[in-house]
Structures are given as structure tokens and as C-alpha cells.
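J.: need a structure here:
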Amino acid sequence: MEPTGPQIIRGLRFARPINGFDGDRPLPWQPRPWIEDAAERDQILGYLLGGAVVHDPDTFTRDLFDRSRPPLVPLSFHTDGTWIWSGITTYHLSENRLAPEPDFLSHIVAHRYRCPVVDEDVRETAKAAFQDWLDLRRRRQREREEYEREQAKNRLREQTPFTLVRGDLSNEPPTVHLDEDQFDAMLEGRYDRFSQRVEDHLVADGWMPGRDAAARVDPWLEAFCAQRVAGRHHEVFPAARAVLHEFGLLDIDLFGITEDGEVMRPVHFYPMDVRVDPWIFARISHHLGMRMFPIAQTIDQDHWLVMDEAGRVYRYHDEHGWQLLGDDIDATLELLIHGRSPTPLRF
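T.: Have a look, this model is predicted:
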């Protein structure tokens, strides 16, 4: 699994000790995984050991490369005023020759292996950043545990004969899968697809990285596209199908006022029991020269969210007309959740 970049909290960058996992096997950094030269290794160790203490709980964990060893890896954290690193990084360099994260290693070399003196106010900022980092990890772990409980409940639902009754005895909705590697990356702060505010908002609404609701969405898509109005019907295309596989069935709770004074409306991503007239989108489809497909609707059913074949997302209202929300679903969610103004369309 490739990392997505260092996590930055309160202006300080957190160095990761390894480059993710391949199964249970920790991955070294590329292109320089090991520090083979003993003299350079000692210089880097001097830098790491010279950092100001941020957190020193006097607790230890096991060696990621040899779990048969007793727990001797320190869980302390240090800083040089720019980076924060754990005792795991120091231990694995000393015992296993594992190089620090590439950007962090370049930073050390640029300082000629001499760790700067850290002022007390900077160390206090680092302590606060560490606590924020720790709180985020704990929150993500709680979210994962809650998700796993819901998955277990959904598996029980799937064993129940189909019923239209909603509630704990219903098998609606069935299990929705996610990508475990992407989920782990988010827990470890290595998933930077969305801004932190948007990621937190989506997770609270039930989304997880790599979410895949295809089993629930595809039967609905087939029935939805079979509907005809005056000879026209909806045609789903790959971009719309991918968005519905990831976000289908979710309600994105949006409340408040946007920057241009508009009331924010919660959005429901299809499927749902609704008929959408395909002729509504005929004019803009003709103007753009590509197909359009509805992917979501505001809870009050006043606005549609519609995607074109290039992945751009629009909003339509009978009175307000068409607005461009974003060049893709990610940009759209950033705009909606931050309450930013869309771009009106004139044609």
C-alpha cells in the first residue's frame, strides 16, 4: 500500500515508521529502504535521539519485523520543531537498519545530521499536536469498531427471510463492503483524498474509504434505467455507476447557510423509490454533447444532483436552473460540505 503523504497537525509533520503493510509484513521505504553505512546510521540516530521529548510514557511494543522478540520498542515521541517522530523509527533504524521516511530523512541530511534546539513554546505546540493526533487515532478506532458491529448486524439481517419491515429484524440494507487497506490508511493518517473536515463529515454519515454498495445499487440501477417516459429512458455510464457504488444509500447531512446565503439541504444518494423524468436532462445533455445521469436528490426533493459522462456534477432546480458543483464527486463534496457557492450555468 502506497502512503499518501505525511500527516500535518498544528504545522508539525508526523513521520511514519514504515511504508504500510503487505499482509502482516511491514514495508520498508523506497527507493532507499535501508541505511547500510554504519557511520551514517550513527549520525541519523544521533539526530533522532537529540529531539525534544514530546511524549514518554515508558511503555513498549513489539518489533514489527520480528514479533517473537519481547516488547522492547519504545512508544516515546520526539520533535525537532518541524517533524514529530516515534521511538519506533529510532528503534528500527538501530536494530533493523530501516531508513526513516524519505522526506524526514532528507530533512535530517539537510540539517547535516544536527538536531536543532527546540524552544519550550514549540515543544508545547508539539505536545498539543501529539494529543490531537492521538485523539484522531482513537476516534478512528471507535469508528472502525462501530462499523464492524454494524457489519455483524447486517450479516445477521442477510440470514433473515426478506421482509419489508424496517428495523433490527429486517435484512435491509445488506452488508456494504469497504477496502480494508484504504480504511487502515485513514486510521493511520495516510489517506488524504478529502480535507479533514469533509472526511470527518462523510465518516459520520456512514461512508468509509473503499466503500462498495454495488450489490445493493446494481439491481436498482437496472430497474431505474428500464423506466421509460415518452420513449426516453436513463442510461447509466461508468462514472455515475462508480459514484453510486461508493455513495449509494448514504444521506449526507448538510445544515446551515452557504457563503452566498443559501440554506444547505441534506442530500440522499440513490437508490430510492423515485421516478425521475429523463426529459428534464435532455436540454443540458444536448448542450454538453454527452449523457447525464441523476446520482442524488436533496431530502426535500427540490434539487437533483446530476453527473455527466466526464464525471462533472451539476445541481438542478426547476426555478433556479442548472449549477456546476464540481469537476468530479470529490470536488462536489468539498463544495457542498464547506457550504461554498456553485457556478451558475447559462445556455
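
J.: what's the burial count for the closest residue to Gly46 other than its chain neighbours?
T.: Spatial nearest neighbour of Gly46, chain neighbours left out: Tyr113 (6.4 Å); criterion: Cβ to Cβ, 6 or more residues apart in numbering. Where C-beta positions appear, they are placed from N, C-alpha and C, glycine not excepted. By other Cβ atoms under 10 Å, the residues close to Tyr113 number 16.

J.: wait, what's in contact with Tyr113?
T.: Gln43, Ile44, Gly46, Tyr47 (Cβ atoms under 8 Å, 6 or more residues apart in numbering).

J.: Among the residues you listed, which lie within helices?
T.: Counting by DSSP state H, the part of the contacts of Tyr113 found in helices is Gln43, Ile44, Gly46, Tyr47.

J.: Name the member of those residues that has the highest neighbour count.
T.: Most crowded among the ones in helices among the contacts of Tyr113, counting by other Cβ under 10 Å, is Tyr47 at 25 neighbours.

J.: Isn't it up against Ala110?
T.: No - between Tyr47 and Ala110 there is no contact under Cβ atoms under 8 Å: 11.1 Å.

J.: And the chain, what are its domain boundaries?
T.: 7-127, 136-187, 196-344 (automatic domain parsing).

J.: ok, for the residue lying farthest from the centre of the chain, nearest residue in space, not its chain neighbours?
T.: In the chain, counting by Cα atoms, centre = their mean, Ala230 sits farthest out from the average C-alpha position, at 41.7 Å. Nearest residue to Ala230 in three dimensions, chain neighbours excluded: Trp279, at 6.7 Å (Cβ to Cβ, 6+ apart).

J.: Tell me the secondary structure of the one you found, please.
T.: Secondary structure assignment for Trp279 (DSSP: H, G, I helix; E, B strand; the rest coil): helix.

J.: and if you look at Ala39?
T.: helix.

J.: how close does it sit to His201?
T.: Applying Cβ to Cβ, to the nearest Å, the value for Ala39 to His201 is 50 Å.

J.: Name the residue in these two with the higher neighbour count.
T.: Comparing Ala39 with His201 by neighbour count (other Cβ under 10 Å), the higher total belongs to His201, at 19 against 7.

J.: Confirm that the more buried one sits in a strand.
T.: No - His201 is assigned helix when assessed by three-state DSSP, not a strand.

J.: Looks like it contacts Ile337 (just checking).
T.: Yes - with contact defined as Cβ under 8 Å, His201 counts as touching Ile337 (5.0 Å).

J.: can you count the residues close to the residue nearest to Met292 when sequence neighbours are not counted?
T.: Leaving aside its sequence neighbours, Met292 sits nearest to Phe281 (Cβ to Cβ, 6+ apart; 4.1 Å). With neighbours defined by other Cβ under 10 Å, the count for Phe281 comes to 23.

J.: residues touching Phe281, list them.
T.: Phe281 neighbours (Cβ under 8 Å, 6+ apart): Met292, Pro294, Val306, Tyr316.

J.: Run a quick neighbour tally on the first one.
T.: Around Met292 sit 26 other residues, with neighbours defined as other Cβ under 10 Å.

J.: For Ala110, report the pLDDT, please.
T.: With respect to pLDDT, Ala110 scores 96.

J.: Now stretch 322-329: average pLDDT?
T.: Mean predicted confidence for stretch 322-329 is 94.

J.: and if you look at stretch 184-193?
T.: The model assigns stretch 184-193 a mean pLDDT of 79.

J.: Pull the residues that contact that stretch.
T.: Contacts of stretch 184-193 (Cβ under 8 Å, 6+ apart): 1, 3-5, 7, 14, 16, 20-21, 133, 136-137, 140-141, 144, 182, 199, 208-209, 330.

J.: So for it, first residue to last residue, what's the gap.
T.: From the first residue to the last, stretch 184-193 extends over 14 Å; the measure is Cα to Cα, to the nearest Å.

J.: Distance from that stretch to the middle of the chain?
T.: 6 Å (Cα atoms, centre = their mean, to the nearest Å).

J.: Could you do stretch 74-89 as well?
T.: So, by Cα atoms, centre = their mean, the centroid of stretch 74-89 is 25 Å from its chain's centroid.

J.: Flag every buried residue along it.
T.: By 16 or more other Cβ atoms under 10 Å, the buried positions in stretch 74-89 come out as 74-81, 83-89.

J.: Just the buried residues out of the contacts of stretch 184-193, in PyMOL syntax.
T.: The command below creates a PyMOL selection of those among the contacts of stretch 184-193 that count as buried (16+ other Cβ under 10 Å):
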select buried, resi 1+3+7+14+16+20+133+136+140+144+182+199+208+209
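
J.: hang on, Leu335 in a strand?
T.: No - looking at Leu335 with three-state DSSP, it is helix, so not inside a strand.

J.: show me where the stretch 201-347 of the chain has strands.
T.: Using DSSP state E, counting those that start in this stretch, the strands of the stretch 201-347 of the chain run over 251-252, 267-269, 292-298, 304-308, 313-317, 321-326, 343-344.
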